[in-house]
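Asker: My questions concern the predicted model and sequence given below.
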Amino acid sequence: MKSVRSSSKVGVYVDVAYVYINGGSKMQYDVLREFACRDYADPMRMNAYVTYDSERAERDEVYRKGATSFHSALRDIGYKVIVKEIQWFKDESGIRYGKANADLDLAVDALLQSENLDRVLVVSGDGDFVQVVRALQNKGCRVEVVGLDNVSSKLRYESDFFISGYLIPNLIPVTIRKPDSPAWGELGSRVRGWCYWHTDQGYGFMRYLKEISAQLWQTDTRNPDSAYGTAFFHDSNLPEGIRPAGLPSRNFIFEFELIRSEKYDRLQAQDIELVSRF
């Protein structure tokens, strides 16, 4: 299908601290931008909300340089970096604790800036954003959510479209990467997907996203415009702790290698690992 340039205006709002501690320490923010603009939309706003411990920075040069480098890299890609400094307090027992919640900043910015947006992508799993999602939808925006681990079920269900960041090609590096390994989606590569069909005869099928595409709604792999692929698997290859009786399920995200089955002349998933569960 020939690509047609979109006139959509998209805003990206990343809760960096939440994502970082919930599976996103190695997230590729250039890939995130590509995903947000997958239909050739214009990225009108790209905000990354980060926390910064100035006290630690004074005594820890590695931390200071690392944070500065990370912020610069985000800006190079086109993100506006909103820094929320950690404030330190003491509880009743005299124990110090830090607090730097960027939720309010993100919510206010998204609502104020939504007047000029058609689509908003919220990257977080925090259930506190449910009301923000509703407010944005009431303003006429389509709201998408990308999350990794510890994603609120209410946030998932309230969004117009939710996708686990683990499923987006190359957003999070694969767990096992061999030297000179093929690109994501090619034979011999490792990809991530979920079991969408299973039989009591001891096998099932995984569905995975082959590439970042505007046709994410087209999940039927028989359609030539579909960006998805399928691979069958034997129950014996499932990781320990996964009961076949609990499949199919979207609650489990698996990583696996794509091989060609000579017996069935089709793609097969092997070396299956559990990456995340909802």
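Answerer: Looks like it came in fine. Every value quoted in this text rests on a predicted model; they were computed, and no experiment measured them. Numbering: from 1, shown residues only.
Asker: now what about the helix or strand hosting R250, what contacts it?
Answerer: Using DSSP states H and E, R250 falls within strand 249-261. Residues outside strand 249-261 that contact it (Cβ atoms under 8 Å, 6 or more residues apart in numbering) are 164, 166-167, 174-176, 185-196, 206, 231-233, 239, 242, 246, 266-278. (Glycine included, C-beta is placed from N, CA and C.)
Asker: Pull up the pairing partners for that strand, direction included.
Answerer: Partners of strand 249-261 in the sheet, by DSSP bridges, are strand 190-199 (antiparallel), strand 266-277 (antiparallel).
Asker: closest to E115 out of those strands?
Answerer: Smallest distance to E115 across these (Cβ to Cβ): 34.9 Å, for strand 266-277.
Asker: What are the buried residues along that closest one?
Answerer: Of all the residues in strand 266-277, those buried under the rule 16 or more other Cβ atoms under 10 Å are 267-269, 272-273, 275-276.
Asker: How about stretch 248-261?
Answerer: By 16+ other Cβ under 10 Å, the buried positions in stretch 248-261 come out as 248, 252-258.
Asker: which residues touch A17?
Answerer: 49-51, 84, 100, 102.
Asker: name the element it belongs to?
Answerer: Applying DSSP H and E as the criterion places A17 in helix 16-19.
Asker: Just the C-alpha atoms of the very next helix or strand once past that helix, please, in PDB.
Answerer: Note on helix 16-19: by DSSP H and E, the next helix or strand toward the C-terminus is helix 29-36. Taking C-alpha atoms only, helix 29-36 is exported to PDB below (Å, rounded to 0.1, in the frame of the first residue of the first chain):
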ATOM      1  CA  TYR A  29      14.100   7.500  22.000                       C
ATOM      2  CA  ASP A  30      14.700   7.900  18.300                       C
ATOM      3  CA  VAL A  31      12.700   4.800  17.700                       C
ATOM      4  CA  LEU A  32      10.000   6.200  20.000                       C
ATOM      5  CA  ARG A  33       9.900   9.300  17.800                       C
ATOM      6  CA  GLU A  34       9.600   7.100  14.700                       C
ATOM      7  CA  PHE A  35       6.800   5.200  16.200                       C
ATOM      8  CA  ALA A  36       4.900   8.300  17.200                       C
END
